[in-house]
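Student: What would the 3D arrangement of this be:
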Amino acid sequence: WIYYQRDIVDRPGPLLNIFGDNNQIIYVTKGARNGNFSALITKYLPTEVMLGASGAGFVRYINDGTLFNVSDFQSNIKSNFGLNEEEMFSYVYAVLNSRDYKKLYANDLQKNLPRIPLLKHKEKYVQIGKKLAELHLHYEEQPIWDGVEVDISKPDYRVKKMKHPKKGVLDTIIYNDSITIKNIPERAYDYVVNG
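Tutor: Below you'll find the predicted structure:
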């Protein structure tokens, strides 16, 4: 918060001028090691270490209202595949979160910023990207998964170390001495952000 607060910091950094007050940014790990490439969208101005020690962000709108430009991704393409800027932003977000993409380009993603390929069914990727961005941008407002129980004996959110009750029991997380989360579906562990 303080890093970008003009009242306290004389030169808060160029991203503040680009980002403006109402924007979105796709933030990616840069030079991801061990296959830990991640891409995460946020509506907040991120810190430099949002996804680890180094990263790069690509804003949806430049502060003057200019829309997202796919060339910002050092793309290996010369066009936006016939998609408008809004669709292209969603397409890129879906591609960057695709397991197949991350696996196929793992070596490149360890060294460089991502390149965006033209994939079959691009319209499907646009739909997926929109839905995924909506989930990530509004994750705090999402309903609890049916069947998941959160037991809170007292509202204490301090965490020393989250853990499972015993090895191999993945459907329960002991958040701390007063909060336990039960009936977590195993497929929740398939989705990982930043390793």
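
Student: now the helices for this structure?
Tutor: Applying DSSP state H to the chain gives helices spanning 14-19, 85-96, 99-104, 106-111, 122-137.

Student: Can you say which of these is packed in most?
Tutor: Greatest average neighbour count among these goes to helix 85-96 (a mean of 22), per mean count of other CB atoms under 10 Å. Backbone N, C-alpha and C define where each C-beta goes, glycine included.

Student: Packing partners of it?
Tutor: strand 25-29, strand 39-42, helix 122-137 (3 or more CB pairs under 8 Å, 6 or more residues apart in numbering; DSSP states H and E).

Student: follow-up on the earlier one: now for the helices of the chain, which one comes closest to Val148?
Tutor: Of all these, the one in closest proximity to Val148, counting by CB to CB, is helix 122-137 (15.9 Å).

Student: Can you check what angle separates the closest one from helix 85-96?
Tutor: With axes from the mean of the first three to the mean of the last three CA atoms, to 10 degrees as the basis, helix 122-137 and helix 85-96 are set at 80 degrees to each other.

Student: Residues in a beta bridge with Val28, which ones?
Tutor: Under DSSP bridges, the beta-bridge partners of Val28 are Ala39, Ala56.

Student: neighbours of it, just the number please.
Tutor: Using other CB atoms under 10 Å, Val28 is surrounded by 21 other residues.
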